[in-house]
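In: model this:
(chains A and B)
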Amino acid sequence: NAGVTQTPKFQVLKTGQSMTLQCAQDMNHEYMSWYRQDPGMGLRLIHYSVGAGITDQGEVPNGYNVSRSTTEDFPLRLLSAAPSQTSVYFCASRSTTDTQYFGPGTRLTVL
Amino acid sequence: LAKTTQPISMDSYEGQEVNITCSHNNIATNDYITWYQQFPSQGPRFIIQGYKTKVTNEVASLFIPADRKSSTLSLPRVSLSDTAVYYCLVGALNTGGFKTIFGAGTRLFVKA
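Out: Numbers count the residues shown, from 1 in each chain, chains lettered A, B, ... in the order given. Model (predicted):
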């Protein structure tokens, strides 16, 4: 199993650009989520999904969209990048009885 | 949402036992307590999880008193590679872990 994979590892955007962060898991987990982590801070939940076709907002959803068309994939879309979205983004997945498994992260810089 | 409070940082020496205590005064009846470890530039990694009393695995022990308003992560004989940030979270398992909050965590620095 590859676990949770994220692409790209690094990305630099200009203000106003859009992009999609990819996340995939091969553990057949129902639950998937996106977090952002700012320097010296804990993780904050952006969006989450409890199954294919079902998504909901977390703590800091503004400026981000998600969709869950398959169990395996949970992409995060930045609609119009802003410098405040400069952060490290982590995707995670879990089953109902297991703990969360995190991906390696995507380091995003918005200029 | 259950909020947790942990020390911001701790120092230790190699070979010592390290205990990190987490307060969670408003823990709910169906909440579990989970600890994660995070190294720089990596995602958090699960260490241990428990509901009450004591849980032990190959890397740590978790002590939870009867009132469950706090918990203590115990790392036996730490090494330099245990230098990391440790997060305590509380939440119900059947919510996918989403009803939990990652605080700033405890930065553990292990010295030689």
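In: from here on, contacts and neighbour counts on C-alpha atoms
Out: Fine.
In: ok and the residue in chain A nearest chain B?
Out: residue A:42 (4.3 Å; CA to the nearest CA).
In: Neighbours of that residue, how many?
Out: When counting by other CA atoms under 10 Å in any protein chain shown, one arrives at 18 neighbours for residue A:42.
In: With the flanking residues excluded, which residue is spatially nearest to residue A:94?
Out: Spatial nearest neighbour of residue A:94, excluding adjacent residues (CA to CA, 6 or more residues apart in numbering or on different chains): residue A:100 at 4.7 Å.
In: State the distance from that neighbour to residue A:14.
Out: Remark: distance between residue A:100 and residue A:14 (CA to CA, to the nearest Å) = 32 Å.
In: Of those two, which one has the most company?
Out: Comparing residue A:100 with residue A:14 by neighbour count (other CA under 10 Å), the higher total belongs to residue A:100, at 24 against 13.
In: So that one is in contact with residue B:34, correct?
Out: No. Look at residue A:100 against residue B:34 with CA atoms under 8 Å: they stay out of range, at 9.9 Å.
In: what touches both of the two?
Out: The contact sets of residue A:100 and residue B:34 overlap at residue B:46 (CA atoms under 8 Å, 6 or more residues apart in numbering or on different chains).
In: Could you tell me which residues of chain A lie near chain B?
Out: A:31, A:33, A:40-45, A:48, A:50, A:58, A:90, A:94-105 (CA under 8 Å from any CA of the partner chain).
In: what are the phi and psi angles of the closest residue to residue A:78 other than its chain neighbours?
Out: Distances taken as CA to CA, 6+ apart place residue A:64 nearest to residue A:78, at 4.9 Å, with adjacent residues excluded. For residue A:64, the backbone dihedrals (degrees, to the nearest 10) come out as phi -130, psi 140.
In: okay but residue A:64 is in contact with residue A:79, surely?
Out: Yes. Residue A:64 lies in contact with residue A:79 (CA under 8 Å); the separation is 6.3 Å.
In: List the residues that contact whatever residue of chain B ends up closest to chain A.
Out: At 4.3 Å from chain A, residue B:104 is the closest residue in chain B, using CA to the nearest CA. By CA under 8 Å, 6+ apart, residue B:104 lies in contact with A:40-43, B:8, B:87.
In: Most neighbours among the residues you listed, which one is it?
Out: Ranked by neighbour count (other CA under 10 Å), the contacts of residue B:104 have residue B:87 at the top, with 29 neighbours.
In: Name the residues linked to the residue most central in space within chain A by a beta bridge.
Out: When CA atoms, centre = their mean is applied to chain A, the residue found nearest the centroid is residue A:34 (3.2 Å). Beta-bridge pairing of residue A:34 under DSSP bridges involves residue A:47, residue A:91.
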